[in-house]
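Asks: Could you look at this predicted model? Sequence included:
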Amino acid sequence: MSRPFILGLTGSIGMGKSAVALMLREMGVPVFDADAVVHHLQGPDGVLLPAIEAAFPGTTGPAGVDRPALGARVFGDAEALTRLEQIVHPAVARARATFLIEHSGEPLIVFDIPLLFEKGHGSELDAVAVVSAPAAMQRTRVLARRGMTPEKFAQILDLQVPDAEKRARADHVIDTGVTLAETRAQVASLVAAIREKNPR
């Protein structure tokens, strides 16, 4: 393989994907965080601010995108959401391509893509790892978040591919319904197996 093995990392809300991504980084695996890139592009002096302001006047300021204001503009409006995605997605794709070039000598890199199945991403991935935990544990984690309500949680779940389907479509499942040490052991085993198959 002339490029790194690309592992897609995904999982529904509250499943522990961020914790697994951190474990991967601690193991020396480069992780491309799509959400973090979007926050940077839309933050103070972000390169997407002019285009977003032009498309959605009044939704940006010195601190970057006013996320509640922009969210209110696109929520429930498919045409507006598509317009926003046409601004954001190409910029994220360029950042991802740059990341791939910067880490071309690595045996393994990870693309952290929250809506991997929902948005049909994955054509460039060599495998997909889904982070999963029991539904009761997921619910407890999510409802402990500030500002979260059972209604909001239900709305989010309605927009996401069910966990059972994600697990069925995954090449690897990482269980976070166990101790952190047990989850870390699963991650380390997966990383070691991929690096062994794709030495650089």
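Replies: It's in. Residues are numbered from 1 along each chain as shown.
Asks: Run the chain-centre distance for stretch 188-200.
Replies: Put simply, stretch 188-200 sits 22 Å off its chain's centre (C-alpha atoms, centre = their mean, to the nearest Å).
Asks: just stretch 76-88 next, same as before
Replies: 19 Å.
Asks: what does stretch 16-23 give?
Replies: With C-alpha atoms, centre = their mean, you get 11 Å for stretch 16-23.
Asks: Contacts for it, please.
Replies: 9-11, 31, 33, 110, 112, 114, 129, 131, 133, 141, 174, 176, 180, 183-184, 187 (C-beta atoms under 8 Å, 6 or more residues apart in numbering). (Glycine included, C-beta is placed from N, CA and C.)
Asks: Of those residues, just the buried ones, PyMOL syntax please.
Replies: Selecting only the buried entries of those in PyMOL, with 16 or more other C-beta atoms under 10 Å as the criterion:
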select buried, resi 9+10+11+31+33+110+112+114+129+131+133+141+174+176+183+184+187
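Asks: Need the residues that contact the helix or strand hosting residue 139.
Replies: Using DSSP states H and E, residue 139 falls within helix 135-143. Around helix 135-143, the neighbours that count as contacts under C-beta under 8 Å, 6+ apart are 12-16, 133, 148-150, 153, 156, 163, 177.
Asks: after it, next one along is what?
Replies: Next along the chain from helix 135-143, counting by DSSP H and E, comes helix 150-159.
Asks: Now the helix holding residue 139: buried residues?
Replies: For helix 135-143, by 16+ other C-beta under 10 Å, it's 138, 139, 141, 142.
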